[in-house]
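Chemist: Provided below for reference: sequence and predicted model.
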Number of protein chains: 2
Amino acid sequence: MYELRHLATLRAVADEGSFGRAATRLGYTQSSVSQQIAVLEKVAGGALFDRPGGPKPVRLTPLGGVLLEHARDLLHRADLMSDAIERFRAGDGRIDIGTFQTVSNVILPTLIRELRAAHPTCDIRLFEEETDQPDLSELDLMFFDSRIDGTDHLLLVKDPYVLVTRAGDFPQGPVDIKELDGLQLVAHPPVCDQGRFEDFLTGQGVQPQIVFRTSGNEALLAMVRAGLAAAVMPRLAVQQDDLEIHELEPRLPPREIYLLWHAGRTPSPLAAHAIEIAQRVAADLPGIS
Amino acid sequence: MYELRHLATLRAVADEGSFGRAATRLGYTQSSVSQQIAVLEKVAGGALFDRPGGPKPVRLTPLGGVLLEHARDLLHRADLMSDAIERFRAGDGRIDIGTFQTVSNVILPTLIRELRAAHPTCDIRLFEEETDQPDLSELDLMFFDSRIDGTDHLLLVKDPYVLVTRAGDFPQGPVDIKELDGLQLVAHPPVCDQGRFEDFLTGQGVQPQIVFRTSGNEALLAMVRAGLAAAVMPRLAVQQDDLEIHELEPRLPPREIYLLWHAGRTPSPLAAHAIEIAQRVAADLPGIS
DNA sequence: TCACAACCATCGCCGTAGACGATAGAGTCG
DNA sequence: CGACTCTATCGTCTACGGCGATGGTTGTGA
């Protein structure tokens, strides 16, 4: 089998025209170079250099020329490989992140801005699929609103459910959840934490009347603004300031936003950095914990 | 430094999902594979596989994925290299041959036909430059009409000079060289052996009158056919049968056609085969030796 | 023609990379 | 909780490969 070390020696000898000078350049002795070329010649099955003797430079045989041509290519690509590894360890490379709407609006933009600032050539791919059973086997990181078996996790924020109304439709300040009973509301589809939240309300004997469901935050808020109904949704999903936000009393279990990654899998340096950034960004979110 | 052997092991482990099975496939023991991967991980500076333990298959880390991607490419190209060497040793590859007109017409066509028949994918390049000081440093083989210092050689044919006339212009049979004195002739330019031949005539006190010179055999013969003059040229240059060929007496030193190659340089297998074929083809030339 | 210089091949010596076998440790599954 | 299936590691040993020295070959200059 050919080895890269031998091929590097072949190249050096061809470039220098001398076993001795090649040895000097590579930090070997002349006899080592001689042996390495001898090994290569055995593997290749023929002489690679003609040795005229005396001070004349050695010269590639036709066979040596063929081998060198391929060797240069291989060595070049081996260098590219080393570089790629080095860059990857420094945080370059690809990262696949699963996300959902609120995170896409609130945390991800900052995360991506910082990530790209730190690693300008990295390749970030986002996957947004709203489902109860997300598949993170192909993802480096995933934002999700609950933990999943077989994952390590980081709790980023606790995001309380709030009632969103047009200004004046409700008295300012907290709202008792009993008032939600029978109330017309718009809300997210009952998947993920929204489902748990509504189950909890039901458990409390509170049964709102959901007149419209969509996973689009913007659409929900537009409905509120249009006077269709009030909305119950996590506070982070509300970035508007032309609507009133009412906390609910008594306190309900908030939606928890986790950053998940496969347990027992070594994260890429880029993913590790992303986790770190995400933690800091989430901690800086105003007023929620 | 990465070595191909290690990369091959990496690939096998990734394909098999298990150190042990990779070992079996490669003819190693499990502990060897474990060590090789450990070496690679040290060079790469991070884990290449996640080892879940138990019967679960090992799985590439992101770093391992990057390395494997490059490793597959390198290993594939190393295979191509081995194949290329193997083919070259079997006689495939490129051959550069220097030639001149007569040989191009008489010996080369057969040589090339046989060479291509034996090595269908070989790459034959011909260089025809008529000069006294040919440069064969870039050629594998060269046909030439004298020996050159620093070359090995093979004498292919001795090609006597003859007088070529229209039928009836000269009585049939040999012609004494004295008759050439003052005779109007067409001939090759006085390079290579043609120069030596004319010097020899001059030394004999014979001084023809050369009325036209060209290195084109066909043009010379056309002039003879047109009645401009007779021609003196090597017999092999005359492939026509509508003209008369007269031997010269006394016998003059014939043009010798050699096949030359650099002394002390290992020939390519293809060149070696070509030499062998050329020798046989030349020996089969009718009536000349 | 005779050192001399430049260069490669080869030999003996030696250190170590690496293959092997055995065993320990970690994880999964009934 | 044992049985099973993995990998990591340790000790042993071989052999690959580096080094220094030496000898042979070729071209050069006095």
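Modeler: The structure has been received and is ready for your questions.

Chemist: and chain A, which of its residues are near DNA strand C?
Modeler: Applying CB under 7 Å from any atom of the strand, one finds that chain A approaches DNA strand C through A:18-21, A:30-31, A:34-35, A:37-38, A:51, A:53-55, A:58. C-beta: built from backbone N, CA, C; applies to glycine.

Chemist: show me the residues you listed that map onto helices.
Modeler: Among those, DSSP state H puts A:19-21, A:30-31, A:34-35, A:37-38 in helices.

Chemist: hey, where'd the strands end up in chain A?
Modeler: Along chain A, the stretches classed as strands by DSSP state E are A:49-50, A:59-60, A:94-99, A:123-128, A:141-144, A:151-159, A:161-166, A:175-176, A:184-187, A:209-213, A:230-234, A:243-249, A:255-262.

Chemist: dump these to JSON lines, plus mean neighbour count and mean pLDDT.
Modeler: Output for the strands of chain A, formatted as JSON lines (neighbours: other CB atoms under 10 Å in any protein chain shown; pLDDT from 0 to 100):
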{"stretch": "strand A:49-50", "mean neighbour count": "19", "mean pLDDT": "95"}
{"stretch": "strand A:59-60", "mean neighbour count": "20", "mean pLDDT": "94"}
{"stretch": "strand A:94-99", "mean neighbour count": "21", "mean pLDDT": "94"}
{"stretch": "strand A:123-128", "mean neighbour count": "14", "mean pLDDT": "93"}
{"stretch": "strand A:141-144", "mean neighbour count": "23", "mean pLDDT": "93"}
{"stretch": "strand A:151-159", "mean neighbour count": "17", "mean pLDDT": "90"}
{"stretch": "strand A:161-166", "mean neighbour count": "22", "mean pLDDT": "93"}
{"stretch": "strand A:175-176", "mean neighbour count": "16", "mean pLDDT": "92"}
{"stretch": "strand A:184-187", "mean neighbour count": "20", "mean pLDDT": "94"}
{"stretch": "strand A:209-213", "mean neighbour count": "14", "mean pLDDT": "94"}
{"stretch": "strand A:230-234", "mean neighbour count": "25", "mean pLDDT": "92"}
{"stretch": "strand A:243-249", "mean neighbour count": "17", "mean pLDDT": "90"}
{"stretch": "strand A:255-262", "mean neighbour count": "21", "mean pLDDT": "91"}
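
Chemist: ok and the residue in chain A nearest DNA strand C?
Modeler: At 3.0 Å from DNA strand C, A:Ser31 is the closest residue in chain A, using CB to the nearest atom of the strand.

Chemist: show me which of the residues of chain A next to DNA strand C are buried.
Modeler: With neighbours counted using 16 or more other CB atoms under 10 Å in any protein chain shown, those contain these buried positions: A:18-19, A:21, A:34, A:37, A:58.

Chemist: can you point out the buried residues in the lengthiest helix in chain A?
Modeler: Across chain A, the helix with the greatest residue count (assigned by DSSP H) is helix A:62-89. Across helix A:62-89, burial judged by 16+ other CB under 10 Å covers A:62-68, A:70-71, A:73-75, A:78, A:81-82, A:84-85, A:87-89.

Chemist: cool, stretch A:273-289 as well?
Modeler: Of all the residues in stretch A:273-289, those buried under the rule 16+ other CB under 10 Å are A:273-275, A:277-278, A:281-282, A:285.

Chemist: so which of those residues are in helices?
Modeler: Going by DSSP H, the helices hold A:273-275, A:277-278, A:281-282 from the buried residues of stretch A:273-289.

Chemist: let me have the ones in helices among the residues of chain A next to DNA strand C in TSV, adding distance to A:Arg147 and pLDDT as columns.
Modeler: Listed next are those as TSV, based on distance: CB to CB, whole Å; pLDDT from 0 to 100:
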residue	distance to A:Arg147	pLDDT
A:Phe19	64	95
A:Gly20	66	94
A:Arg21	64	95
A:Gln30	64	94
A:Ser31	63	94
A:Ser34	63	95
A:Gln35	60	95
A:Ile37	60	95
A:Ala38	62	94
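
Chemist: need the max-distance pair from those residues.
Modeler: Farthest-apart pair in these is A:Arg21 and A:Ala38; separation 17.9 Å (CB to CB).

Chemist: related to what we said a few turns ago, out of the strands of chain A, flag the one nearest B:Ala219.
Modeler: strand A:59-60 (40.5 Å).

Chemist: so which bits of the stretch 101-250 of chain A are right by chain B?
Modeler: Contacts of the stretch 101-250 of chain A with chain B, taken as CB under 8 Å from any CB of the partner chain, map to A:Asp140.

Chemist: and the residue of the stretch 101-250 of chain A nearest chain B?
Modeler: A:Asp140 (7.1 Å; CB to the nearest CB).

Chemist: surely that residue and A:Ala272 touch.
Modeler: No. With contact defined as CB atoms under 8 Å, A:Asp140 does not reach A:Ala272; the gap is 9.7 Å.

Chemist: enumerate the residues of chain A near DNA strand D.
Modeler: Residues of chain A lying near DNA strand D (CB under 7 Å from any atom of the strand): A:3, A:5, A:23, A:27-32, A:35-36, A:39, A:52-56.

Chemist: please repeat the previous calculation with a cut-off of 6 Å.
Modeler: A:28-29, A:31-32, A:35-36, A:39, A:52-56 (CB under 6 Å from any atom of the strand).
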